[in-house]
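Trainee: what shape does this take:
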Amino acid sequence: MIEQIVTEIPVRGKSAASPSYANKTADYEFTIVVPVFNEEDNIFALEEKLSSFISQSPLTTCVLFVNDCSTDRSLERIIEVCKRRKHFYHLSFVKNSGLSAALKAGIETTFSPYVGYIDADLQTVPEDFNLLFPYLTDFEMVMGIRAKRDDSFGKRISSKIANSFRRFMTNDGIEDTGCPLKIIRTDYAKRIPLFNGMHRFLPALIQLQNGKVQQIPVRHFPRMAGQSKFNLRNRLISPFLDCFAFRWMKKRYINYQITENTLEQ
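Mentor: Below you'll find the predicted structure:
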């Protein structure tokens, strides 16, 4: 069923997101960006799940690890994975810059028609991208909603509060913006402005470009290794402040489209 539907996905080819300086991701239809910060215990398990997904993905797929200056052995293991696995690539920051910067760097370095996002903690799994693919013909962004979220009560209630306030401030209608399973048309993703907290507003930032967003329930699992990077400050306080910054930007956002140019050969 999945394969029959996704054959109709309008893969726009290199011209949609691939200028003359495009890298190896231009040879694929779908690039999965995986931000990594101190996830050494998850890298090899993630390798297996991503490899399994790539082998049966209806779109030609590669993986782009973005190492956010990890202080453990994450980079060492990422390099090992990329050496032994075809379709795996990586880039690494000079200094720790945060999730938004890692995502934006991955997007800017991607030249496939579609770009995806998944966390390295394995609380969501690559296999569930298959649940999102059928909607790519009608939406510029398709994202997961963590069904039956397997987190502590504190995490669930803080996320619920943050999501409710964000919906009120942005009017984006998104139930679970923190779900890390997302697929975006790369040409739309590249127009997303970079700022601290950007990752919390990806759906709203696509909507600012008049893009349509679809939400699909996906599975959620407990963290089996490593430590969560979230706390009270970056679950409640920072998102609260970022909402006001988004409102300011929304009023001043300029959305334009180019009808023709003479730059392409």
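Trainee: need the strands for the stretch 51-200 of the chain, in chain order.
Mentor: Under the criterion DSSP state E, counting those that start in this stretch, the stretch 51-200 of the chain carries strands at the ranges 61-67, 88-92, 114-117, 141-146, 182-185.
Trainee: quick one: closest of those to Phe240.
Mentor: Of all the strands of the stretch 51-200 of the chain, strand 141-146 sits nearest to Phe240, with 21.0 Å by CB to CB. Placement of C-beta: from N, CA and C, glycine included.
Trainee: in the closest one, which residues are buried?
Mentor: Buried residues in strand 141-146, defined by neighbour count with 16 or more other CB atoms under 10 Å: Met141, Val142, Met143, Gly144, Ile145, Arg146.
Trainee: mind listing what it pairs with, with the direction of each?
Mentor: strand 182-185 (antiparallel), strand 213-218 (parallel) (DSSP bridges).
Trainee: tell me the most buried of those?
Mentor: strand 182-185 (a mean of 25; mean count of other CB atoms under 10 Å).
Trainee: contact partners of that strand?
Mentor: Outside strand 182-185, the residues within contact range by CB atoms under 8 Å, 6 or more residues apart in numbering are 12, 16, 30, 107, 113-117, 129, 132-133, 136, 140-144, 202, 206, 211.
Trainee: and stretch 42-60, by the same measure?
Mentor: 2-3, 6-7, 9, 11, 27-30, 32, 34, 36, 39, 61-63, 74, 77-78, 81, 85, 87-88, 114, 120-122, 125-127, 129-130, 133, 224-226.
Trainee: kindly recompute the last result at 6 Å.
Mentor: 3, 6, 28-30, 61, 63, 77, 81, 87, 120, 122, 125-127, 225-226 (CB atoms under 6 Å, 6 or more residues apart in numbering).
Trainee: ok, back up a step: for Asn196, find the nearest of the strands paired with strand 141-146.
Mentor: strand 182-185 (18.8 Å).
Trainee: for the closest one, C-alpha coordinates in PDB please.
Mentor: Extracted in PDB, the C-alpha atoms of strand 182-185 (Å, rounded to 0.1, in the frame of the first residue of the first chain):
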ATOM      1  CA  LYS A 182       9.100  15.200  10.300                       C
ATOM      2  CA  ILE A 183       9.400  15.400   6.500                       C
ATOM      3  CA  ILE A 184       9.600  18.800   4.700                       C
ATOM      4  CA  ARG A 185       9.900  19.800   1.100                       C
END
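Trainee: and Arg73, how many neighbours?
Mentor: Counted with other CB atoms under 10 Å, residues neighbouring Arg73 total 14.
Trainee: nope, Leu241 is what I was after
Mentor: Leu241, neighbours per other CB under 10 Å, totals 12.
Trainee: for whatever helix or strand it lives in, buried residues please.
Mentor: Here Leu241, judged by DSSP states H and E, is contained in helix 238-252. Neighbour counts using 16+ other CB under 10 Å place Ser238, Pro239, Asp242, Cys243, Phe246, Lys250 of helix 238-252 among the buried residues.
Trainee: now mean pLDDT and distance to Ser57 too, for the strands paired with strand 141-146, in CSV please.
Mentor: What follows is the strands paired with strand 141-146, written out as CSV (pLDDT from 0 to 100; distance: least, CB to CB, whole Å):
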stretch, mean pLDDT, distance to Ser57
strand 182-185, 98, 11
strand 213-218, 96, 16
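Trainee: make JSON lines out of the ones you listed and add distance to Asn23.
Mentor: Formatted as JSON lines, the strands paired with strand 141-146 follow (distance: least, CB to CB, whole Å):
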{"stretch": "strand 182-185", "distance to Asn23": "18"}
{"stretch": "strand 213-218", "distance to Asn23": "27"}
